[in-house]
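[1] Coordinates for the following, if possible.
(one chain, ligands or ions: 1)
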Amino acid sequence: MKLWGGRFSKQAAKLLDEFNASLPFDKELFVEDIEGSIAHSAMLAKQGIISDEEARKIKDGLLEIKKEIENNEFKWDISDEDIHMAIEKRLIELIGDTGKKLHTARSRNDQVALDFRRWVLKRNLEFSEKIKKLIEVFVNIAKENINTLLPGMTHLQHAQPISFAYHMLAYASMFKRDYERFIDSFERNNINPLGCAALAGTPHNIDRFQTTKSLGFKTPSINCLDTVSDRDFALEILFNISMLMMHASRLAEEMILWSTSEFSYITLSDEYSTGSSIMPQKKNPDVPELIRGKTGRAYGNLMALLTVMKGLPLAYNKDTQEDKEGVFDSVKNALISIEILKETLKTMRINKANMLKACKKGHLTATDLADYLVKKGIPFREAHHITGKAVALAENKGIDLSELSLDELRSIDERIGDDLDLSLENSMKSRKSYGATAPERVKEQIEFFEEFLKEKND
Ligand code: ARG
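    Numbering: from 1, shown residues only. Below you'll find the predicted structure:
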């Protein structure tokens, strides 16, 4: 007989059990479910709704069940429907009629809202920790590469010389925003649903502030009708993960390009590369490719839950049971992606000579020549034109603009003086505006991220 079977005269069909059950996946919530029930029964006792002795028996029984699950001794039965009823049924088996009092002043609607919310809140913190470690890797690579030149690109075309440190710190900036998003979501959703019961609250004299305190929430939710059907916390983590994976995927794309023979900017370590089953010479960037690929399902999980939620009238509807699998999937895949991304970055070789060689293709210092001429009082449009001629000369000679001699440059415009330095290094160093690529600016950025990490680690 089901725990809710009182009004039914026929057993549920087996097909219904299979279709209806969330147990195969919501097992994942057993810790949160047991902790929530212990907090709930302690509150019921404090309020005189059950006796202290009953609360103690319930707690002992629940802790016993926790051990059974952890030791793989728990008998899962799909006809129990979900983790909440599986645990409650086992509690009644273990401690008898006292177990039947646990569900006083509670519904599975606030129970699942509590369990899932707490599970998601913990994951928000887990992500924020992982992201800090990743940012640390960007900072460490940056420190070693303040003067490592590579072609900065726009439209995937060589544009201006920048440092590899500067490039890495662009990613540190993105992932810092991700860190902040997970923390923001944690703060906003740190609200206790327990005691909302089915939808309207309860006539029992419960104390929601007590369970708020014992479960470590900031405050009880203000409106129960909203709380039992609110899945914003789940949508937020799905969005946070989507954004995080989008950032990881952009980097992954660059790592894939950089490890081609055409670029050869980096060499992925053997530990984090894979081979081909037919071509013995191959070393493949499966790690960044999988990260890029997994980004797709992260977006899919977000879209799926947004779509589930969009037509739901208040309050709880069974549709929301569809909230969990996508979140579990996104969390699992993103956590491992960020971890392996960090290790792959830490162990990759940076081929500075190839980056420098690439800088000599595409006349990266053309803007520098135009800027120089402007400083000599020549209007920008004219400077642009003169520079175009210099580029044409370099092209004719089959060399890079940065390799033209001063005499050759002066043959184009005699206003060019001895003070012109079109070297790649000078170009990078001269970009000193705030937030730019010059070494002193990059050092500021490194300090900024180090300060951020120090503050967040304290
Ligand atoms: N397994 C359900 C879920 O995940 C738990 C809540 C069920 N509530 C109900 N009234 N049927 O959403």
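
[2] What residues of stretch 290-310 count as buried?
    Neighbour counts over stretch 290-310 (16 or more other Cβ atoms under 10 Å) mark 290-292, 294-295, 297-299, 301-302, 304-305, 308-309 as buried. C-betas here are computed from N, CA, C, even on glycine.

[3] Any idea how many residues pack against the nearest residue to Thr320 once chain neighbours are set aside?
    With sequence-adjacent residues excluded and distances taken as Cβ to Cβ, 6 or more residues apart in numbering, Thr320 is closest to Arg231, at 6.0 Å. Neighbours of Arg231 under the rule other Cβ atoms under 10 Å: 23.

[4] anything in stretch 310-329 sitting right up against the ligand?
    Yes - Stretch 310-329 reaches the ligand (Cβ under 6 Å from any ligand atom) through Tyr316, Lys318, Thr320, Gln321.

[5] and Phe138, what helix or strand is that in?
    helix 108-144 (DSSP states H and E).

[6] Could you pull up the mean pLDDT of that helix?
    The pLDDT scores in helix 108-144 average 98.

[7] With stretch 393-406 instead?
    Stretch 393-406 comes out at a mean pLDDT of 94.

[8] Contact partners for the residue in the stretch 151-300 of the chain that the ligand sits nearest to?
    Relative to the ligand, the nearest point of the stretch 151-300 of the chain is Ala198 (7.1 Å; Cβ to the nearest ligand atom). Contact partners of Ala198, counting by Cβ atoms under 8 Å, 6 or more residues apart in numbering, are Ser107, Asn109, Asp110, Val228, Ala315, Tyr316.

[9] For Ser430, state which of those residues is nearest.
    Distance to Ser430, by Cβ to Cβ, is smallest for Val228 among the contacts of Ala198, at 60.6 Å.

[10] Please work out how many residues are found near the closest one.
    26.

[11] my guess is it contacts Cys196, does it?
    Yes - shown here, Val228 and Cys196 form a contact pair, counting by Cβ atoms under 8 Å, at 5.3 Å.

[12] okay, Trp2: pLDDT?
    One correction, residue 2 is Lys, not Trp. pLDDT at Lys2 comes out at 83.

[13] How about Leu364?
    94.

[14] ok, now Thr154?
    With respect to pLDDT, Thr154 has a value of 96.

[15] circling back: enumerate the positions of the helix holding Phe138 that are buried.
    Quick answer for helix 108-144 (16+ other Cβ under 10 Å): 108-121, 123-124, 127-128, 130-132, 134-139, 141-142.

[16] what does the stretch 1-150 of the chain put close to the ligand?
    Ser22, Asp26, Asp82, Arg108, Asn109, Val112.

[17] Now do the contacts for the third one.
    Right, the one you point to is Asp82. Neighbours of Asp82 in contact, by Cβ under 8 Å, 6+ apart: Ala21, Ser22, Leu23, Asp26, Arg108, Val112, Gln321.

[18] out of these, which are buried?
    Ala21, Ser22, Leu23, Asp26, Arg108, Val112, Gln321.

[19] ok, back up a step: and the gap between the residue of the stretch 151-300 of the chain closest to the ligand and Arg117?
    17 Å (Cβ to Cβ, to the nearest Å).

[20] And Gln445, by the same measure?
    37 Å.

[21] cool, Ser277 as well?
    Counting by Cβ to Cβ, the gap from Ser277 to Arg117 is 45 Å.

[22] my read is His158 is in a helix, agree?
    No - using DSSP: H, G, I helix; E, B strand; the rest coil, the assignment for His158 is strand, not a helix.

[23] start the count at 26, not 1, going forward
    From this message on, residue numbering opens at 26, which makes the last subject His183.

[24] Just give me the neighbour total for Glu106.
    23.

[25] residues in contact with the residue nearest to it when sequence neighbours are not counted?
    Distances taken as Cβ to Cβ, 6+ apart place Ala46 nearest to Glu106, at 5.2 Å, with adjacent residues excluded. Residues in contact with Ala46 (Cβ under 8 Å, 6+ apart) are Ile103, Ser104, Asp105, Glu106, Asp107.

[26] How about His409, nearest residue that isn't a chain neighbour?
    Ala395 (5.5 Å).

[27] What values do phi and psi take at that neighbour?
    phi -60, psi -40 (degrees, to the nearest 10).

[28] Distance-wise, check it relative to the ligand.
    Ala395 sits 63 Å away from the ligand, going by Cβ to the nearest ligand atom, to the nearest Å.

[29] again with Gly61
    Distance from Gly61 to the ligand, by Cβ to the nearest ligand atom: 13 Å.

[30] count of residues packed around the closest residue to the ligand within the stretch 376-483 of the chain?
    As assessed by Cβ to the nearest ligand atom, the ligand sits closest to Lys481 within the stretch 376-483 of the chain, at 33.8 Å. Lys481: 16 surrounding residues under other Cβ under 10 Å.

[31] does it count as helix, strand or coil?
    Applying three-state DSSP: Lys481 is helix.

[32] so who does the closest residue to it other than its chain neighbours touch?
    Spatial nearest neighbour of Lys481, excluding adjacent residues (Cβ to Cβ, 6+ apart): Lys157 at 5.9 Å. For Lys157, the contact set (Cβ under 8 Å, 6+ apart) comprises Tyr204, Leu478, Lys481, Asn482.

[33] For those residues, which single residue is the most surrounded?
    Neighbour max across the contacts of Lys157 (other Cβ under 10 Å) = Tyr204, 23 neighbours.

[34] so that one is in which element?
    Short version, using DSSP H and E: Tyr204 is in helix 189-213.

[35] Whichever helix or strand comes after that helix pairs with which strands?
    Once the chain leaves helix 189-213, the next helix or strand it forms, by DSSP H and E, is strand 216-217. Applying DSSP bridges, strand 216-217 is found paired with strand 244-245 (parallel).

[36] Okay, buried residues for whatever helix or strand comes next after the partner strand please.
    For strand 244-245, the following helix or strand on the C-terminal side (DSSP H and E) is helix 249-254. The neighbour-count check on helix 249-254 (16+ other Cβ under 10 Å) flags Cys249, Thr252, Val253, Ser254 as buried.

[37] From the contact counts, what lies against whichever helix or strand comes after helix 249-254?
    Scanning forward in sequence from helix 249-254 by DSSP H and E, the next helix or strand is helix 257-283. On a contact count with 3 or more Cβ pairs under 8 Å, 6 or more residues apart in numbering; DSSP states H and E, helix 257-283 meets helix 133-169, helix 189-213, helix 311-334, helix 349-372.

[38] Run the contact check for the third one versus the ligand.
    It refers to helix 311-334. No - using Cβ under 6 Å from any ligand atom, helix 311-334 stays clear of the ligand, with a minimum separation of 11.1 Å.
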